[in-house]
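A.B. asks: build me a model from this:
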Amino acid sequence: MITKVPTSTHSARSPPSIKPSPPQPTNTMEKIKEKLNSLRAEADNAVARAEAAEAKNKQYEQQLLEKEQENASLNVKIGRLDGELNEAETKLAEAKTAQADGEHSKTTNDSLARKIVLLEEELDAAEKNVKETTEKLRQVDVKAEHFERQVQRAEQERDQWEQKYEEMVVKYKASQAELDELMKSMEGL
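C.D. replies: Predicted coordinates:
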């Protein structure tokens, strides 16, 4: 702190004609010494403040360097996290695609399962129909065999009747011829 030393001991209103009295040597010397001591103290204080300011400046520079290093470290971490985020987004997109495919596949599987059930039901119905038709065919075959046997018996009976008829015709003709001869021989009597 600088103190202003008065240049004059007279007031500003004093007339110019009056000359000041010469200063007293002892008193002035002491004031100069005081002033020097005061200036030295101020200089020492200024040096101390400058050193403190330099120390604080170094401390701030150190903190700034640490913050810059921390910032660089965080930028590296951000870059790595961005990479991980991109990878996670890619995996998420793949998972969503797989899920959509899975849901489509599930829908397709459900549809195919319903078709399989329907086809199995149709197969069961067809097998039942085949069994029923096979049974009816077997019954028809049995009836056909039965009718064939009846036809064969009927044909055999017909053949027997035809043979008897032919035999009877022959006997009738023979009897008729005998009767005609007998009638001729009775007429001749």
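A.B. asks: and for E42, the neighbour number?
C.D. replies: When neighbours are counted by other CB atoms under 10 Å, E42 registers 13. Where C-beta positions appear, they are placed from N, C-alpha and C, glycine not excepted.
A.B. asks: report the separation between it and A55.
C.D. replies: In this structure, E42 and A55 are separated by 20 Å, where distance is defined by CB to CB, to the nearest Å.
A.B. asks: same deal with D141?
C.D. replies: 122 Å.
A.B. asks: and for I32?
C.D. replies: Spatial separation of I32 from A55 under the definition CB to CB is 34 Å.
A.B. asks: same check, this time on K184
C.D. replies: Look at K184 and A55: by CB to CB, they are 183 Å apart.
A.B. asks: over to K35?
C.D. replies: When CB to CB is applied, the distance between K35 and A55 equals 30 Å.
A.B. asks: neighbour count winner among these two?
C.D. replies: Neighbours were counted for K35 and for A55 using other CB under 10 Å; K35 has more, 13 against 10.
A.B. asks: now that one: which helix or strand?
C.D. replies: Of the helices and strands defined by DSSP states H and E, K35 is found in helix 25-187.
A.B. asks: what packs against that helix?
C.D. replies: In this structure, helix 25-187 makes packing contacts with no helix or strand, judged by 3 or more CB pairs under 8 Å, 6 or more residues apart in numbering; DSSP states H and E.
A.B. asks: tell me the gap between it and the middle of its chain.
C.D. replies: Here the centre of mass of C-alpha atoms in helix 25-187, compared against the chain's by CA atoms, centre = their mean, to the nearest Å, lies 13 Å away.
A.B. asks: where in the chain is pLDDT low?
C.D. replies: Applying pLDDT under 70 to the chain flags residues 1-26.
A.B. asks: how about a cut-off of 80?
C.D. replies: Using pLDDT under 80 as the threshold, the predicted model of the chain has low-confidence ranges 1-26, 102, 104-105, 188-189.
A.B. asks: ok, L112 to S105 distance?
C.D. replies: Relative to S105, and taking CB to CB, L112 is found at 10 Å.
A.B. asks: list residues touching both of those two?
C.D. replies: Here L112 and S105 have no joint contacts, going by CB atoms under 8 Å, 6 or more residues apart in numbering.
A.B. asks: K171: neighbour count?
C.D. replies: By the criterion of other CB under 10 Å, K171 has 11 neighbours.
A.B. asks: quick check: phi and psi on G188?
C.D. replies: The phi and psi values for G188, taken as degrees, to the nearest 10, are phi -70, psi 0.
A.B. asks: ok, it to S175 distance?
C.D. replies: From G188 across to S175, the span is 20 Å (CB to CB).
A.B. asks: the more surrounded of these two?
C.D. replies: Here G188 and S175 are compared on neighbour count by other CB under 10 Å; more neighbours surround S175, at 12 against 6.
A.B. asks: residues contacting the more buried one?
C.D. replies: If you count contacts by CB under 8 Å, 6+ apart, S175 has none.
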